[in-house]
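Q: Model the following, please.
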Amino acid sequence: MVATEKSHETRLRRMADRQGLRLVKSRLRDRNAIGYGHYMLVDPWNNAVVGPEGVGPTGQPNWTLDEIEAYLTRDASYEIHFDTQIGEEIAGMASPSDLAFPLAHVLAAADRQGVPRPQYRMRVIEEGRQHDPSEAEQRELVEALEPALREVGRSD
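A: This is a model prediction of the structure:
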C-alpha cells in the first residue's frame, strides 16, 4: 500500500507530537516560491525551531517530509552523567524517559544513605556526536522521574 502525502504528513505529525514537538507546514501558496510545501519542527514550550541540520535558501527551515521523518526516527542514545569525583554514568537508553528508573534508583540510594543527591546532566549521542538535550527531551526526563521515584520508594 502506497502512503499518500497527507497520510505521511499525519503520521509524522503524530510522531512529532509524541516527542513533544509540533510539525508546521509552510503557509506559502505560490507553487514557485522557495519553501512551498516544506515543513519545520517547533518545540512549543519555547517556540524554537528544532530538526535537521541547516536551513533553506531563505534562511528559514525548509525540510521535506522525508527529512523530517529521518530526524524523528533518528538513532539516538541518551545518557546521564553524574558530576562526582568518579564520574559514574547511566548510558545507552533509547529515550529520556527510559533513564527515569535507573536514575530514580541512584537518587533513592543517596536518600537512604543520607548523603546529598549527586548532581547529574543528560547527554544525547546521535551519529557519534554528543550534545545537550533539547528542552523537550529534558522535560520528558523530568516528567518520567517523579513517578519513577514514587515507584522506587514503594519497592524499598
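Q: Residue ranges in this protein under the pLDDT threshold?
A: Scanning the chain for pLDDT under 70 picks out 1-3, 28, 33-35, 51-61, 84-87, 154-156.
Q: How is it divided into domains?
A: In terms of domains, the chain is parsed into 5-72, 76-155 (source: automatic domain parsing).
Q: And the first one, end to end?
A: Same thing as domain 5-72. 17 Å (CA to CA, to the nearest Å).
Q: I'd assumed His38 was in contact with Asn62.
A: Yes. Contact status for Asn62 versus His38: in contact at 4.7 Å, counting by CB atoms under 8 Å. The way it works is simple: take the backbone N, C-alpha and C, and place the C-beta from them, glycine included.
Q: on that earlier part again, what would the domains of the chain look like in JSON lines with mean neighbour count?
A: Listed next are the domains of the chain as JSON lines, based on neighbours: other CB atoms under 10 Å:
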{"stretch": "domain 5-72", "mean neighbour count": "15"}
{"stretch": "domain 76-155", "mean neighbour count": "15"}
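Q: Which parts of the protein are strands?
A: Assigned by DSSP state E, the chain shows strands spanning 22-25, 39-43, 48-50, 76-82, 89-93, 120-126, 129-131.
Q: With distance to Val106 as added columns, please give those in TSV.
A: Shown next, in TSV, are those (distance: least, CB to CB, whole Å):
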stretch	distance to Val106
strand 22-25	33
strand 39-43	28
strand 48-50	29
strand 76-82	7
strand 89-93	7
strand 120-126	8
strand 129-131	21
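Q: max-length helix in this structure?
A: helix 135-155 (DSSP state H).
Q: distance of Leu21 from Thr4?
A: Distance from Leu21 to Thr4, counting by CB to CB, to the nearest Å: 22 Å.
Q: For the most centrally placed residue in the chain, give me its contacts.
A: Centre of the chain computed as the mean C-alpha position; nearest residue by CA atoms, centre = their mean is Glu137, 3.8 Å away. Glu137 sits next to Gly20, Tyr78, Pro96, Met122, Val124 when contact means CB atoms under 8 Å, 6 or more residues apart in numbering.
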